[in-house]
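Asks: my questions concern the predicted model and sequence given below.
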Amino acid sequence: MNNMIMNQHLTLSPAVQQALADRQPVVALESTIIAHGMLYPKNVETALRVEQTVRDAGAVPATCAIIGGKLKAGLDIAEIERLGRLGSAVPKASRRDLPYLVSQGLDGATTVASTMIIAQLAGIRVFATGGIGGVHRGAATTMDISADLQELARTPVAVVCAGAKSILDPELTLEYLETHGVPVLGYRTDEFPAFYTRRSGLRVDYRMDSPEEIAHLLQTKWELGLQGGVIVANPVPEEHQLDPSIMEAAIAGALTDAERQGIKGKAITPFLLARIEQLTGGQSLAANIELVCSNARLAGEIVKKLSQAFSNNHHAGRVRFTTR
């Protein structure tokens, strides 16, 4: 019943609708990176580049957002341009914001959590982003924990990312994911990546060396009817990673600035990322763009293997993909 109610508020672009009807591979993409991740016109250029990267990998991109009170999977160029021009004037939308924005007929830029929700409603199983939200530094005092983590615990969508954003506490983030039964896979790595850098000193749950392996694990998880998502941790390409000591100094400076200015809640992540960009002379933004494209490429490769497996099993008369 809940899905039927929610689906009344869901709109698919013609390309996404056709791809899903034909059981073709589709990759969900978020829109917070457009409205809150960088300035215009770089945000629009990046969004279109990420979409093209998904196409080049053999899949259909489905950038998600709330447009005029509709949950939408698949934006046209005009909608991406509008989000890019409006920028931070577009509300940043997580799970708690969806009822308000939809009921009021407003726009919203989707986070990891809300993009996962839209993807699940649309029937999209794989989502590419830059980095997930997580447990913030100092959370023992502030209790600042991203809603992304709870969404990963409940929503059956695989999230391809470069780890958790560097401004967070990666060790506590992994502990939270373990507590909630979310598998963390390392793509060709034994170590959890640290967003701008390839290493964090923390181990992933399982190493996977090919999109086929990852697709098979996802298919098995869904066949078992297990709740929740999967993290596919894909390190930033080596040629684009930043020096860890430079990054840690920039992060420390940005955190100090945020505390001094009293910035908290959903405003803190965009503020920190923008401040880190300033402190690194734009290097962090360049790395962010490259890692998002790398994740989009891998997501396309994974979902192609999933689509092939579905097609083979469907032709064999077996329904293999089930959800609780």
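Replies: Thanks, I have it.
Asks: show the pLDDT at residue 131.
Replies: pLDDT, residue 131: 94.
Asks: same question, residue 273
Replies: Residue 273 is assigned 79 on the pLDDT scale.
Asks: buried residues in the longest helix along the chain?
Replies: The longest helix of the chain (DSSP state H) is helix 283-315. Neighbour counts using 16 or more other Cβ atoms under 10 Å place 283-285, 287-307, 309-310 of helix 283-315 among the buried residues. No exception for glycine: its C-beta is placed from N, CA and C like everyone else's.
Asks: and it, what other elements does it pack with?
Replies: strand 26-29, helix 42-56, strand 126-128, strand 158-161, helix 211-223, strand 230-233, helix 244-261, helix 268-279 (3 or more Cβ pairs under 8 Å, 6 or more residues apart in numbering; DSSP states H and E).
Asks: touching, residue 26 and residue 60? I think so.
Replies: Yes. Counting by Cβ atoms under 8 Å, residue 26 touches residue 60, with 4.8 Å between them.
Asks: just the CA trace of whichever strand or helix holds residue 16, in PDB.
Replies: Element membership for residue 16, per DSSP states H and E: helix 14-21. The C-alpha atoms that make up helix 14-21 are tabulated as PDB, following Å, rounded to 0.1, in the frame of the first residue of the first chain:
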ATOM      1  CA  PRO A  14      10.900   8.700 -21.200                       C
ATOM      2  CA  ALA A  15      14.400   7.300 -21.500                       C
ATOM      3  CA  VAL A  16      14.400   5.800 -18.000                       C
ATOM      4  CA  GLN A  17      10.900   4.500 -18.300                       C
ATOM      5  CA  GLN A  18      11.700   2.700 -21.600                       C
ATOM      6  CA  ALA A  19      15.000   1.300 -20.300                       C
ATOM      7  CA  LEU A  20      13.300  -0.100 -17.200                       C
ATOM      8  CA  ALA A  21      10.400  -1.600 -19.300                       C
END
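Asks: contact partners of it?
Replies: 12, 24-26, 60, 62, 73-74, 122-124 (Cβ atoms under 8 Å, 6 or more residues apart in numbering).
Asks: from these, pick the one nearest residue 174.
Replies: residue 124 (25.6 Å; Cβ to Cβ).
Asks: helix, strand, or coil at the closest one?
Replies: coil (DSSP: H, G, I helix; E, B strand; the rest coil).
Asks: ok, it - contacts?
Replies: Counting by Cβ under 8 Å, 6+ apart, residue 124 touches 16, 20, 26-28, 62, 73, 157.
Asks: right, and the helices and strands packed on helix 283-315 - which one's nearest residue 196?
Replies: Using Cβ to Cβ, the helices and strands packed on helix 283-315 put helix 244-261 closest to residue 196, at 5.2 Å.
Asks: that closest one to helix 283-315, inter-axis angle?
Replies: Interaxial angle, helix 244-261 versus helix 283-315 (axes from the mean of the first three to the mean of the last three Cα atoms, to 10 degrees): 100 degrees.
Asks: which neighbouring elements make contact with helix 244-261?
Replies: Counting contacts by 3+ Cβ pairs under 8 Å, 6+ apart, helix 244-261 is packed against helix 268-279, helix 283-315.
Asks: could you tell me the least trusted of those?
Replies: helix 268-279 (a mean of 83).
Asks: just the strands in the stretch 101-250 of the chain please.
Replies: Secondary structure of the stretch 101-250 of the chain (DSSP state E, counting those that start in this stretch): strands at 108-110, 126-128, 158-161, 184-187, 206-208, 230-233.
Asks: quick check on residue 26 and residue 60: which one has the bigger neighbour count.
Replies: residue 26 (29 against 22; other Cβ atoms under 10 Å).
Asks: ok so, going back, same list (the helices and strands packed on helix 244-261) but as CSV, adding distance to residue 230.
Replies: CSV is the format used below for the helices and strands packed on helix 244-261 (distance: least, Cβ to Cβ, whole Å):
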stretch, distance to residue 230
helix 268-279, 23
helix 283-315, 10
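Asks: ok so, going back, weed out the non-buried ones from the contacts of helix 14-21.
Replies: Using 16+ other Cβ under 10 Å as the threshold, 12, 24-26, 60, 62, 73-74, 122, 124 are the buried ones among the contacts of helix 14-21.
Asks: what is the most widely separated pair among those?
Replies: Largest pairwise distance in those, by Cβ to Cβ, is 15.1 Å, between 12 and 25.
Asks: the nearest residue to residue 230 once chain neighbours are set aside and residue 27, how far apart?
Replies: Excluding the flanking residues, the one nearest residue 230 by Cβ to Cβ, 6 or more residues apart in numbering is residue 158, at 4.6 Å. Applying Cβ to Cβ, to the nearest Å, the value for residue 158 to residue 27 is 10 Å.
Asks: overlap of the contact sets of the two?
Replies: 126-127.
Asks: can you pull the phi/psi pair for the most centrally placed residue in the chain?
Replies: Compute the mean C-alpha point of the chain, and by Cα atoms, centre = their mean the closest residue is residue 129, 3.3 Å away. Main-chain torsions, residue 129, degrees, to the nearest 10: phi -140, psi -180.
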